[in-house]
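# Coordinates only, no sequence provided:
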């Protein structure tokens, strides 16, 4: 595939997990293999502000602890997530494969599955709880996938996507995120708007130059 020389794409994503305690009569506990499990949880990769990222994500593989059956889970379409139950925290390896990018290695990320709030008494911290769902702890972060000299196909997919979706309004991907995360998110979105406008101008200028070469004017 031809590449867009001298260009760089910044693609924001959110990586995180949600967790809630299992009640004593939770249906999962009927499974003898899960009788000692304490939490129901979900690990995910999604777009900032729940933006669709399927235009550049081909598939996501989430590698769990080896004690889980089929501990490598792959999602080829949204939602890119794994739902499970367990009793312990562990580091998760996430591999994101990009569309239209056969020459690029998968993007590797790590996420620490969190089941408990960070204080010693396990009291729930307000910043980690979705108020619309009391008892659910949310641990997530904003990250960026940076693609240097993307394929023309990936570049065109990004331009078409943001022509449809900008401007992005509404709350940030998690209303409880700290101000620093919000500022970072807004900066990334502004960078992407500026980047898209600059790339579109370069593409337009290149098309005009090609037209002049063809016509001799």
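On my side now, so go ahead. The shown structure was predicted, so the numbers you read here are calculated from the model rather than taken from an experiment.
# packing partners for the longest strand along the chain?
Longest strand in the chain by number of residues (criterion: DSSP state E): strand 8-21. Packing contacts for strand 8-21, counted by 3 or more CB pairs under 8 Å, 6 or more residues apart in numbering; DSSP states H and E, involve strand 39-46, strand 91-98, strand 107-112, strand 137-148, helix 152-165, helix 179-215. All C-beta spots, glycine's among them, are computed from the backbone N, C-alpha and C.
# again, only this time at 6 Å
Contacts defined by 3 or more CB pairs under 6 Å, 6 or more residues apart in numbering; DSSP states H and E place strand 8-21 against strand 39-46, strand 137-148.
# Sheet-wise, list the partners of that strand with their directions.
According to DSSP bridges, strand 8-21 forms sheet pairs with strand 39-46 (antiparallel), strand 137-148 (antiparallel).
# Which residues does the shortest one contact?
If I follow you right, that is strand 39-46. For strand 39-46, contacts defined as CB atoms under 6 Å, 6 or more residues apart in numbering pick out 13-15, 17-22, 60, 62, 80-83, 85, 92, 115.
# Could you list the low-confidence segments of the protein?
In the predicted model of the chain, residues 119-133, 163-189, 192, 217 satisfy pLDDT under 70.
# How is it partitioned into domains?
According to the TED database, the chain comprises the domains 8-162, 174-216.
# Out of those, which is the most enclosed?
domain 8-162 (a mean of 16; mean count of other CB atoms under 10 Å).
# That domain spans what distance, first to last residue?
16 Å (CA to CA, to the nearest Å).
# Repeat that for stretch 19-39.
6 Å.
# swap in stretch 51-69?
31 Å.
# how far out from the middle of the chain is that stretch?
Stretch 51-69 has its C-alpha centroid displaced from the chain centroid by 9 Å (CA atoms, centre = their mean, to the nearest Å).
# partners of residue 139 in the sheet?
Assessed by DSSP bridges, residue 139 has beta-bridge partners residue 17.
# typo on my end, it should be residue 111
Those that pair with residue 111 in a beta bridge, by DSSP bridges, are residue 92.
# one step back: in a markdown table: the strands paired with strand 8-21, plus distance to residue 154.
Output for the strands paired with strand 8-21, formatted as a markdown table (distance: least, CB to CB, whole Å):
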| stretch | distance to residue 154 |
| --- | --- |
| strand 39-46 | 18 |
| strand 137-148 | 7 |
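# Residue 1: which of those strands is closest?
Of all the strands paired with strand 8-21, it is strand 137-148 that lies closest to residue 1, at 12.5 Å by CB to CB.
# Distance from that closest one to the middle of the chain?
Centroid displacement of strand 137-148 relative to its chain, using CA atoms, centre = their mean, is 6 Å.
# any idea of the angle that strand forms with strand 91-98?
Strand 137-148 runs at 40 degrees relative to strand 91-98, counting by axes from the mean of the first three to the mean of the last three CA atoms, to 10 degrees.
# Make 54 the first number, not 1, from now on.
In the new count, where the first residue is 54, that last one comes out as strand 190-201.
# what angle sits between strand 190-201 and strand 160-165?
160 degrees.
# Out of the helices and strands packed on strand 61-74, the one nearest residue 56 is which?
Between residue 56 and the helices and strands packed on strand 61-74, the shortest gap by CB to CB is with strand 190-201, which sits at 9.2 Å.
# on that earlier part again, out of the helices and strands packed on strand 61-74, which is closest to residue 151?
Shortest distance between residue 151 and those, using CB to CB, is found for strand 190-201: 6.9 Å.
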